[in-house]
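Novice: Mind folding the following:
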Amino acid sequence: MDARQQALFFLKFLRNALQFRYPLSGTAKALYPDDSAGGTFSAGFIRIKDAQKVFTRIIPQSSWTYSLYRLERQRFECLETPDFSYLFTTDLIDRDIFIPDSRSGVKISLRENGGTGTLCLFYREQQPQIGQLPRLLQAERAGHPLNAIHTHDRAWIEDFEKNWWLYKQIPPHILSVTGQKLQNWFLRYFSGEEEKTSNIWTADDMQAFWNEYSLPAYGYLWKRWWQEEESPVFPFILSVMYHNPFWLSGAFSLLKTAAGSEGALVTLLKLIRQKFFVFTAGSRQLFGINPGGAAHIFTVDFPRFKMTGRCNENSALTALEIKAQFSVKIDKTVFLEFYPESNQLFIVPVLPFLSRGAYHTITVDIDGLSVKVPMIWRQFTVHIRGMRLKFLLKGRHWQLTLKWPPGLTKMILEQREILKDTLNNRQKLYLDWVKPDPRAGALFYFDRHGRQLKTMPAENGIVQAAVLDKKGLLVPQGRIKAAAGKKSKSVNFLYPSALPALRGTHYELIIPGSGKIPLAVEDRAEDVIRRLKETPAAILESGLILTAPGAFVDALFAYTALRPLTLSYDAAAGLYGAIKWHIIVSDDIPVDRCREEDGYFFEKKGDCTIIRIKSAWAESFVKRYFNKGAAVSSV
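Specialist: As a prediction, the model looks like this:
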């Protein structure tokens, strides 16, 4: 192609690249990463003296962008990628207007034609030919995560597009330790490889860790952990992705602050977990999908497996196909747990993450695949290897309606062989109803940040419950009321939110059709150390003064990453009107005006809380209250 043909080809390619249709959700809208990035970013090498960037627009399902620059009356249309950039302008230009890129080895190639304009190529190593652009874009889109995802949820797609683009702008050589681990995880995860994970904590250990280290005083510690090789951040991320606690959003907010310029990585994690997850831990593979929204369909199609989810007010669907092996689907939103060695599949209902899941199941074996089915819904349908099993609870019996697929003549139900009726491909069976264990239910209390408590707090409390009614069916929501009151408020057990302030101490949780459960509600006594740790790190660093030996100061820094001002007692006392906290390590304690707690004394002077610690207690104090540790075990 001559220079004119190349310019025309480039402009046509740009227009076509921006016109893209997502499967299910239709034509892509214009996406401008600067809207949410808080600044102007460039994927390529182009820097033009005195030019103003009008906008940068993401080319759908890629890390490429289309940018428009203006210099007086001159327009510059640019295709910018991480490896090369093309620029076109209708006027003739001089190389001197380009600012050399800070990265070494960038070359410039100009093709000029007086009738058409100037087409410039910027590249570092290989010089791509203009005719290769469609093929290169196709390869770029084939490697993009959205190539494996089909959904109606346009808002989710656009959020993912922006954050994936931001993530791809981070040069790999400047990624932190945690950033590198997450990048490697992303590459394996979206390639469809089997992601074997051995360091996922148990739900109880994850919750204990969150109870302590989600407190705002540890904000700087998370930033330090993000940069360290041996830190709990990466296993914590995998654990919250695996267990999906209701405080997941709070965890990702904390992690995004710690990640700093790598925050797009954390947002991608959040978006992934909102919709689907796949984990392999030991011999177990766990699959889950949550389409979310009204009538949204979400499909993930990887080389090894395919998952589909659908959910609206009246119906749901979870489907899994392990390619070349089997397919299973159920009209509920569930997790699917597969053990390849024994060819067993467990259908796992969505329950509070701390519950043990004590409910009745039956075992269905079809053509070598053994499936555990939970009997906790009044009516539901399961498809296994093309066979339909429709369950309906009728009084004290389950009615099971079978629809046999072609070629299948027998199955095993609860170790009993069932043969197909040769005259009909539909067949009805009846199973005994099993009385539920009255001890199977569990209640969990939390504060509004998701920190677990022993009793229900009087303000901003959250209750989460794994509750079966008297028929053994799952109860997704109930009501809470004062024991002596008449009015009640709705409570969602599976996806809880903070309740309003509770006045009094006697409350009841009403389980529809199954009675009431008393709740223990109490006002929290003042806890000075917890109030200190609930203060943000930035405020503590300027609003806390230490009068303590160097060993105490260093220990506090080691456990919290806080380095407050250190002053003598007299110097600190003159600042009590400006500071909120003063920690003193000394044996001179005015016990007549101090209140003794477990391992320390405290008193108030105006708005300042003074914590006094005996010298002999100093080491044990800082370890006890600021170094809870991360003692965890894996699932």
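Novice: Surely residue 417 touches residue 409?
Specialist: No. Distance between residue 417 and residue 409: 10.7 Å, which falls outside the contact criterion (C-beta atoms under 8 Å). In this view, the C-beta of every residue, glycine as well, is placed from N, C-alpha and C.
Novice: Helices of the stretch 101-250 of the chain, start to end?
Specialist: Ranges of helices within the stretch 101-250 of the chain are 133-142, 154-168, 177-190, 203-213, 219-227, 233-243, 248-259, based on DSSP state H, counting those that start in this stretch.
Novice: Reformat those helices as JSON lines; add distance to residue 484.
Specialist: Shown next, in JSON lines, are the helices of the stretch 101-250 of the chain (distance: least, C-beta to C-beta, whole Å):
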{"stretch": "helix 133-142", "distance to residue 484": "64"}
{"stretch": "helix 154-168", "distance to residue 484": "45"}
{"stretch": "helix 177-190", "distance to residue 484": "52"}
{"stretch": "helix 203-213", "distance to residue 484": "32"}
{"stretch": "helix 219-227", "distance to residue 484": "43"}
{"stretch": "helix 233-243", "distance to residue 484": "38"}
{"stretch": "helix 248-259", "distance to residue 484": "34"}
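Novice: which one of those helices has the lowest average pLDDT?
Specialist: Of all the helices of the stretch 101-250 of the chain, the minimum mean pLDDT falls on helix 177-190 (a mean of 88).
Novice: hmm, back to that, looking at the helices of the stretch 101-250 of the chain, spot the one closest to residue 314.
Specialist: Nearest to residue 314, of all those, is helix 154-168, at 21.9 Å by C-beta to C-beta.
Novice: Nearest residue to the most centrally placed residue in the chain in space, please, no chain neighbours.
Specialist: In the chain, the centroid-proximal residue (C-alpha atoms, centre = their mean) is residue 270; its distance is 2.9 Å. Distance criterion C-beta to C-beta, 6 or more residues apart in numbering; nearest residue to residue 270, sequence neighbours excluded, is residue 252 at 4.3 Å.
Novice: And for that neighbour, the neighbour number?
Specialist: By other C-beta atoms under 10 Å, 22 other residues sit near residue 252.
Novice: give the contact list for it.
Specialist: Applying C-beta atoms under 8 Å, 6 or more residues apart in numbering to residue 252 gives the contacts 266, 267, 269, 270.
Novice: now swap in residue 211 and tell me
Specialist: With C-beta under 8 Å, 6+ apart, residue 211 has these contacts: 451, 452.
Novice: which regions of this structure sit below the pLDDT cut-off?
Specialist: Applying pLDDT under 70 to the chain flags the ranges 34-45, 94-96, 99-116, 192-198, 291-295, 313, 438-440, 500-505, 522-525, 629-635.
Novice: you'd agree residue 463 is up against residue 509?
Specialist: Yes. At 6.9 Å, residue 463 counts as touching residue 509 under the criterion of C-beta under 8 Å.
Novice: Can you pull the residues that touch both of the two?
Specialist: Here residue 463 and residue 509 have 443, 480, 491, 519 as joint contacts, going by C-beta under 8 Å, 6+ apart.
Novice: check contacts around the first one.
Specialist: The reference is to residue 443. Under the criterion of C-beta under 8 Å, 6+ apart, the neighbours of residue 443 are 463, 464, 465, 509, 517, 519.
Novice: In CSV, list those residues along with neighbour count and distance to residue 78.
Specialist: Shown next, in CSV, are these (neighbours: other C-beta atoms under 10 Å; distance: C-beta to C-beta, whole Å):
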residue, neighbour count, distance to residue 78
463, 23, 55
464, 24, 51
465, 23, 56
509, 22, 61
517, 17, 64
519, 21, 62
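Novice: now, which of the residues you listed lie within strands?
Specialist: 463, 464, 465, 509, 517, 519 (DSSP state E).
Novice: which one among those residues gets closest to residue 405?
Specialist: Residue 405 lies nearest to residue 465 out of the ones in strands among the contacts of residue 443, by C-beta to C-beta, at 38.9 Å.
Novice: Just list whatever residues bridge to the closest one.
Specialist: When assigned by DSSP bridges, residue 465 has beta-bridge partners residue 443.
Novice: Let me know whether it touches residue 351 as I believe.
Specialist: No. With contact defined as C-beta under 8 Å, residue 465 does not reach residue 351; the gap is 9.4 Å.
Novice: Relative to residue 376, how far out is residue 569?
Specialist: Separation of residue 569 from residue 376 (C-beta to C-beta, to the nearest Å) stands at 63 Å.
Novice: more neighbours, the two?
Specialist: residue 376 (21 against 13).
Novice: need the contact list for the more buried one.
Specialist: Contacts of residue 376 (C-beta under 8 Å, 6+ apart): 349, 359, 360, 468, 472, 473, 474.
Novice: Over to residue 422?
Specialist: So residue 422 contacts nothing (C-beta under 8 Å, 6+ apart).
Novice: Would you confirm that it belongs to a strand?
Specialist: No. Residue 422: not assigned to a strand; according to DSSP: H, G, I helix; E, B strand; the rest coil it is coil.
Novice: how far away is it from residue 429?
Specialist: Distance from residue 422 to residue 429, by C-beta to C-beta: 16 Å.
Novice: Which of the helices or strands spans the residue nearest to the centre of the chain?
Specialist: helix 263-275 (DSSP states H and E).
Novice: Which neighbouring elements make contact with that helix?
Specialist: If you count contacts as 3 or more C-beta pairs under 8 Å, 6 or more residues apart in numbering; DSSP states H and E, helix 263-275 packs onto helix 154-168, helix 177-190, helix 233-243, helix 248-259.
Novice: Using PDB, list the CA coordinates for it.
Specialist: Extracted C-alpha coordinates of helix 263-275, given in PDB (Å, rounded to 0.1, in the frame of the first residue of the first chain):
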ATOM      1  CA  GLY A 263      -5.900  -0.500  43.200                       C
ATOM      2  CA  ALA A 264      -7.300  -1.600  39.800                       C
ATOM      3  CA  LEU A 265      -6.100  -5.100  40.700                       C
ATOM      4  CA  VAL A 266      -8.300  -5.200  43.800                       C
ATOM      5  CA  THR A 267     -11.300  -3.800  41.900                       C
ATOM      6  CA  LEU A 268     -10.900  -6.600  39.300                       C
ATOM      7  CA  LEU A 269     -10.900  -9.100  42.200                       C
ATOM      8  CA  LYS A 270     -14.100  -7.600  43.600                       C
ATOM      9  CA  LEU A 271     -15.800  -7.700  40.100                       C
ATOM     10  CA  ILE A 272     -14.800 -11.300  39.600                       C
ATOM     11  CA  ARG A 273     -16.100 -12.400  43.000                       C
ATOM     12  CA  GLN A 274     -19.400 -10.600  42.400                       C
ATOM     13  CA  LYS A 275     -20.100 -12.900  39.500                       C
END
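Novice: ok, then the element right after that helix?
Specialist: strand 276-281.
Novice: what's that next one packed up against?
Specialist: Looks like strand 276-281 contacts helix 233-243, strand 284-289, strand 305-311 (3+ C-beta pairs under 8 Å, 6+ apart).
Novice: Convert the C-alpha atoms of that strand to PDB, please.
Specialist: Output in PDB follows, covering the C-alpha atoms of strand 276-281 (Å, rounded to 0.1, in the frame of the first residue of the first chain):
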ATOM      1  CA  PHE A 276     -18.100 -16.200  39.600                       C
ATOM      2  CA  PHE A 277     -15.300 -18.100  41.300                       C
ATOM      3  CA  VAL A 278     -13.400 -21.300  40.700                       C
ATOM      4  CA  PHE A 279     -11.000 -22.800  43.200                       C
ATOM      5  CA  THR A 280      -9.100 -26.100  43.500                       C
ATOM      6  CA  ALA A 281      -8.000 -26.900  47.100                       C
END
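Novice: can you give me the angle it makes with helix 263-275?
Specialist: 90 degrees (axes from the mean of the first three to the mean of the last three C-alpha atoms, to 10 degrees).
Novice: Measure how strand 276-281 sits relative to helix 177-190, angle-wise.
Specialist: Using the same axes, to 10 degrees: strand 276-281 against helix 177-190 is 100 degrees.
Novice: distance between strand 276-281 and the chain's centre?
Specialist: Between the centre of strand 276-281 and the centre of its chain there are 13 Å (C-alpha atoms, centre = their mean, to the nearest Å).
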